[in-house]
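Peer 1: need a structure here:
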Amino acid sequence: MESGGPTAAAWGRTRDRTPEDQCCGLSVETIGRQSQGWELLLDAEASASTWTEFWTSQGANAHCMQDASPALWRPLEEHWNSLASRLPPRTRVLDLGCGAGVVGRMLLAARPELRVVGIDLATIPHVERGMTILSGIAMEELPFAAASFGAAVSQFGYEYGDPERAAPELARVLSRGAPLSLVAHHSDSSILAKSRSRMQAQALLLGEAMRAAVLAGDVAGFGTQAANLQAAHGDDPLISECLRLLRPHLYRGEMQRLQAWNALGNALSLGIEINRQLERSSLTPQRLERHLSILSGYFSLAQPAVITRNDTGEPVAYRIEGVRKIC
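Peer 2: Numbers count the residues shown, from 1 in each chain. Down below sits the predicted model:
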């Protein structure tokens, strides 16, 4: 699945919305518009639901890092342009965890004659012209004939799967000598740093001290907790917006304060879940070695490389490349 990144609109959406979720202007969407999302795989059923919800809220041509800075996004674009230039004419390319098809769009922009097929466990409602996206497909169980693809790619998707099951399936559907190019979340990237900071901020925002102040209508107590949050995470627009929306409810009745607090937790729950899964799936050196060890049984791999930001040189992602073994 495409991830990572890293868009803002969908994280506040919830599976089961109640009237209380929209009380007094504290709506799920209002909070959600301030957040950012990265794509992930949870358990099969939960993952499909989570990411179907995410992509359903997006427009056509969306991708989950569309709010990222050019310094972060351009190195990824350069990578895929380079790969496209090296593929034989009319190569059939499989995109694992494709999301809304951002990698396919970049490949086709560089080489319109390529035949790109994307698969994703989620239901993807907006299908890009020129490529095929198949929803509800796990990378561990690919519905394709053996040797039916001439290349495979993934951006912020492969690392969310089960490598012990995904690697042999990937090798099965690739022709011998077919190139493989995987871009996976780096555990020390600015994407992960921002995710960790938000998780810490949300833990404080939804902590017992803030809850007690809101439910009691304790203006002074709320002010103290808000000041602590702003001091530690004042640069996070989601936190600032949540505090702004909560403040008027301190002066309302007990039931309205409870509804507002519940609405806040409901609105933030999807983003919290996504951040946790991002942390669990991003590649540390140890996780990278595990992926390489498994893939090396089926692919002749190059030395993994780190894609870095254009401005600071900080890591963005690991690049794992190789070719399907001949025998």
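Peer 1: C-alpha only now, for contacts and for neighbours.
Peer 2: Noted.
Peer 1: would you check that residue 240 makes contact with residue 228?
Peer 2: No. Checked against CA atoms under 8 Å, the pair residue 240 and residue 228 is beyond contact range at 11.9 Å.
Peer 1: which residue ranges of the stretch 101-250 of the chain form helices?
Peer 2: 102-110, 163-173, 190-205, 208-216, 219-233, 237-246 (DSSP state H, counting those that start in this stretch).
Peer 1: run a quick neighbour tally on residue 177.
Peer 2: 16 (other CA atoms under 10 Å).
Peer 1: ok, it - contacts?
Peer 2: 323-326 (CA atoms under 8 Å, 6 or more residues apart in numbering).
Peer 1: which strand or helix spans the closest residue to residue 116 other than its chain neighbours?
Peer 2: Distance criterion CA to CA, 6 or more residues apart in numbering; nearest residue to residue 116, sequence neighbours excluded, is residue 93 at 4.7 Å. Residue 93 belongs to strand 92-96 when elements are defined using DSSP states H and E.
Peer 1: need the pLDDT of residue 321.
Peer 2: The score at residue 321 is 98. That number is its pLDDT.
Peer 1: isn't it right next to residue 179, touching?
Peer 2: Yes. The pair residue 321 and residue 179 passes the contact test of CA under 8 Å, sitting 7.4 Å apart.
Peer 1: circling back: how close does the residue nearest to residue 116 sit to residue 325?
Peer 2: Noted for residue 93: a distance of 17 Å to residue 325, by CA to CA, to the nearest Å.
Peer 1: neighbour count for these two, which is higher?
Peer 2: The residue with more neighbours, out of residue 93 and residue 325, is residue 93; 25 against 18, by other CA under 10 Å.
Peer 1: quick one: that one and residue 113 touch, right?
Peer 2: No. Using CA under 8 Å, residue 93 makes no contact with residue 113, being 11.1 Å away.
Peer 1: tell me how many other residues crowd the nearest residue to residue 108 once chain neighbours are set aside.
Peer 2: Spatial nearest neighbour of residue 108, excluding adjacent residues (CA to CA, 6+ apart): residue 114 at 6.3 Å. Residues near residue 114, counting by other CA under 10 Å, number 21.
Peer 1: need the pLDDT of residue 114.
Peer 2: For residue 114, the model assigns a pLDDT of 97.
Peer 1: that one reaches residue 86, doesn't it?
Peer 2: No. Residue 114 is beyond contact range of residue 86, at 11.5 Å (criterion: CA under 8 Å).
Peer 1: max-length helix in the chain?
Peer 2: helix 254-281 (DSSP state H).
Peer 1: list the buried residues in stretch 136-147.
Peer 2: Residues of stretch 136-147 classed as buried by neighbour count (16 or more other CA atoms under 10 Å): 136-140, 142.
Peer 1: ok so, going back, list the contacts for the residue nearest to residue 108?
Peer 2: If you count contacts by CA under 8 Å, 6+ apart, then residue 114 has 89-93, 107-108 around it.
Peer 1: which among these gets closest to residue 189?
Peer 2: Residue 189 has its nearest neighbour among the contacts of residue 114 in residue 107, at 24.3 Å by CA to CA.
Peer 1: I'd say the closest one and residue 87 touch.
Peer 2: No. Residue 107 is not in contact with residue 87 according to CA under 8 Å; the separation is 9.9 Å.
Peer 1: okay, those two: which has more neighbours?
Peer 2: Between residue 107 and residue 87, counted using other CA under 10 Å, the more crowded position is residue 107 (24 against 18).
Peer 1: what's the spacing between the closest residue in space to the more buried one that isn't next to it in sequence and residue 111?
Peer 2: With sequence-adjacent residues excluded and distances taken as CA to CA, 6+ apart, residue 107 is closest to residue 84, at 5.5 Å. Using CA to CA, residue 84 is found at 6 Å from residue 111.
Peer 1: give me the more crowded residue out of these two.
Peer 2: In this view residue 84 and residue 111 are compared by other CA under 10 Å, and residue 84 has more residues nearby, 21 against 17.
Peer 1: you'd agree the more buried one is up against residue 110?
Peer 2: Yes. Counting by CA under 8 Å, residue 84 does reach residue 110; the two are 6.4 Å apart.
Peer 1: list the contacts of residue 71.
Peer 2: By CA under 8 Å, 6+ apart, residue 71 lies in contact with 309-311.
Peer 1: need the worst-confidence member of the residues you listed.
Peer 2: Among the contacts of residue 71, residue 310 has the lowest pLDDT, at 85.
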